[in-house]
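S.K.: Below is the structure, and that's it, no one-letter string:
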């Protein structure tokens, strides 16, 4: 009993418990890096560097393949040749015949243009002729008016002569009655009076004729104006008709030009070419003689040059903790790694990344998409990586003691939100 009671196991146990407690207490104060764990996959940084499918713009029939899966193609290399399946494009001379129609319509347009020019010259000639004719008619009217004035003066002189002759006849009759003049003198005076009356009537007739000529010149002037106005209007109408026909022909020419270019472009679409340098990954359509619809996928291609990136998805609760340029550690599937999420400096096999873009809209899986780019200051990503490989991502946040992190986990609190301090050179900027 004395030997049993004197054993030292109790003291060793106490020391072990005390040492364990002290060690656990010390561990509780060791720094722990808060982080956000997320799965993702490898993609490309730019949309034009991602795998794409090549489509046929037009429907057709597969006639010949120029590539096979796994081949490397350069931009512009022919991948496939298809033939036409629409009956309106079966004619092998469709382009040449459309070009002939186009040339004919262009000649028609030129003919209408020449006709318009000729009608313009005709209108100018009619306008010039009408001006001369009107000037001539106005001069004739002016001459007639001056003749009226002259005949009017002659008529007035004839009236005066007749009045004088009448007075002289009266005096002669009085002298004859008094026996101072002979009958012969009286008869001579009567004859003179009759001549004066005849001259007066002739002058009046001449005056009326001159006035009638003035009226005729006015009628002629109006007739000339109406005649040339009708001729010019008719020529203008023909000109506008020719212009309308020319515009219609130009519209047909434009339509034929558009149709010709469409036919020409469609002819070039029979050969489907590579949009960029890359590798043929999968032939979606196969065989010969099969028909494909417009816009249908034919083959998939992977660009030869691309900048790798990682897309990961985070929960809405963790989204406010992320910012562009934030550091992330990435573990690629298939690459050996020893990872301690809370101690990134002691991890092995992870690669550096930084947040390049954050989506503002939630994805279909209920999380937000975040795009990661390679960290330029870290060692480069593996060259054997391929698009679509899986990743495990660790977004590094604030350093806190382990006891605080355990307390946060137990209470279900999110990681601490913080904004990293700027470097001295950034502050100076």
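M.R.: The structure has been received and is ready for your questions. Remember, it's a predicted structure, so these values are computed and weren't measured experimentally. Numbers count the residues shown, from 1 in each chain.
S.K.: quick one: which helix or strand includes the nearest residue to residue 377 once chain neighbours are set aside?
M.R.: Closest residue to residue 377 apart from its sequence neighbours, by C-beta to C-beta, 6 or more residues apart in numbering: residue 352 at 7.3 Å. Any C-beta I mention is one placed from the backbone N, CA and C, and that applies to glycine too. In this assignment (DSSP states H and E), residue 352 forms part of strand 351-358.
S.K.: Report the helix or strand with the lowest average pLDDT across this protein.
M.R.: helix 424-428 (a mean of 50; mean pLDDT, DSSP states H and E).
S.K.: one step back: and the angle from the helix or strand just after the strand holding residue 352 to strand 351-358?
M.R.: As assigned by DSSP H and E, the chain's next helix or strand after strand 351-358 is strand 368-374. Here strand 368-374 runs at an angle of 130 degrees relative to strand 351-358 (axes from the mean of the first three to the mean of the last three C-alpha atoms, to 10 degrees).
S.K.: Past strand 368-374, which element shows up next along the chain?
M.R.: Downstream of strand 368-374, the next assigned helix or strand under DSSP H and E is strand 390-401.
S.K.: Need the residues that contact stretch 131-143.
M.R.: 214, 217-218, 220-221, 224-225, 228 (C-beta atoms under 8 Å, 6 or more residues apart in numbering).
S.K.: could you dump these to CSV with secondary structure and pLDDT?
M.R.: CSV is the format used below for the contacts of stretch 131-143 (DSSP: H, G, I helix; E, B strand; the rest coil; pLDDT from 0 to 100):
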residue, secondary structure, pLDDT
214, helix, 86
217, helix, 88
218, helix, 87
220, helix, 87
221, helix, 87
224, helix, 87
225, helix, 87
228, helix, 87
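S.K.: ChimeraX command for the buried members of those?
M.R.: Of these, the buried ones go into a single ChimeraX selection, burial set by 16 or more other C-beta atoms under 10 Å:
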select :214,217,221,224,228
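S.K.: Which one of the contacts of stretch 131-143 is nearest to residue 83?
M.R.: residue 228 (65.8 Å; C-beta to C-beta).
S.K.: ok, now which ones touch the closest one?
M.R.: Contact analysis of residue 228 by C-beta under 8 Å, 6+ apart lists 126-127, 129-130, 133-134.
S.K.: Next: residue 86.
M.R.: Neighbour list for residue 86: residue 59 [criterion: C-beta under 8 Å, 6+ apart].
S.K.: Try it again at 7 Å.
M.R.: Neighbour list for residue 86: empty [criterion: C-beta atoms under 7 Å, 6 or more residues apart in numbering].
S.K.: swap in residue 39?
M.R.: By C-beta under 7 Å, 6+ apart, the contact set of residue 39 is 312, 390, 392.
S.K.: Over to residue 199: give its phi and psi.
M.R.: Reported as degrees, to the nearest 10, the phi and psi values for residue 199 are phi -60, psi -40.
S.K.: ok, it touching residue 158?
M.R.: Yes - the pair residue 199 / residue 158 is scored as a contact, 4.7 Å apart, by C-beta atoms under 7 Å.
S.K.: so where is the stretch 251-400 of the chain shaky, pLDDT-wise?
M.R.: Scanning the stretch 251-400 of the chain for pLDDT under 70 picks out the ranges 339-347.
S.K.: how does it look with 80?
M.R.: Applying pLDDT under 80 to the stretch 251-400 of the chain flags the ranges 336-349, 396-400.
S.K.: Look up how far residue 98 lies from the most centrally placed residue in the chain.
M.R.: In the chain, the residue lying closest to the centroid (C-alpha atoms, centre = their mean) is residue 258, at 16.2 Å. Using C-beta to C-beta, to the nearest Å, residue 258 is found at 11 Å from residue 98.
S.K.: likewise residue 382?
M.R.: Distance, residue 382 to residue 98, by C-beta to C-beta: 56 Å.
S.K.: The two: who's more crowded?
M.R.: Per other C-beta atoms under 10 Å, whichever of residue 382 and residue 98 has more neighbours is residue 98, with 19 against 13.
S.K.: Can you verify that one is assigned to a helix?
M.R.: Yes - using DSSP: H, G, I helix; E, B strand; the rest coil, the assignment for residue 98 is a helix.
S.K.: what's the burial count for residue 176?
M.R.: 17.
S.K.: Isn't it up against residue 186?
M.R.: Yes - contact criterion C-beta under 7 Å: residue 176 and residue 186 qualify, at 4.6 Å.
S.K.: who wins for neighbours among the contacts of residue 228?
M.R.: residue 126 (20 neighbours).
S.K.: list the contacts for that residue?
M.R.: Taking C-beta under 7 Å, 6+ apart as the test, what residue 126 contacts is 228, 231-232, 235.
S.K.: quick one, phi psi at it?
M.R.: According to degrees, to the nearest 10, residue 126 has phi -60, psi -40.
S.K.: Just give the number of residues close to the closest residue to residue 395 other than its chain neighbours.
M.R.: Closest residue to residue 395 in three dimensions, ignoring its sequence neighbours and counting by C-beta to C-beta, 6+ apart: residue 36, at 4.1 Å. Residue 36 has 22 neighbours, counted by other C-beta under 10 Å.
S.K.: Okay, residue 36 and residue 373: tell me how far apart.
M.R.: Going from residue 36 to residue 373 by C-beta to C-beta gives 17 Å.
S.K.: ditto for residue 69
M.R.: 31 Å.
S.K.: who has more neighbours, those two?
M.R.: Ranked by neighbour count (other C-beta under 10 Å), residue 69 and residue 373 place residue 373 first, with 17 against 12.
S.K.: ranges for the helices of the stretch 1-150 of the chain?
M.R.: 2-5, 9-28, 94-177 (DSSP state H, counting those that start in this stretch).
S.K.: and residue 44, how far is that from residue 52?
M.R.: Applying C-beta to C-beta to residue 44 and residue 52 gives a distance of 11 Å.
S.K.: Need the overlap of contacts for these two.
M.R.: Contacts common to residue 44 and residue 52, judged by C-beta under 7 Å, 6+ apart, are absent.
S.K.: got the angle between the longest strand seen in the chain and strand 368-374?
M.R.: Using DSSP state E to define each element, the chain has its longest strand at strand 31-44. For strand 31-44 against strand 368-374, the angle by the same axes, to 10 degrees is 90 degrees.
S.K.: Can you list the strands that strand 31-44 pairs with?
M.R.: Here strand 31-44 has these sheet partners by DSSP bridges: strand 308-314 (antiparallel), strand 390-401 (antiparallel).
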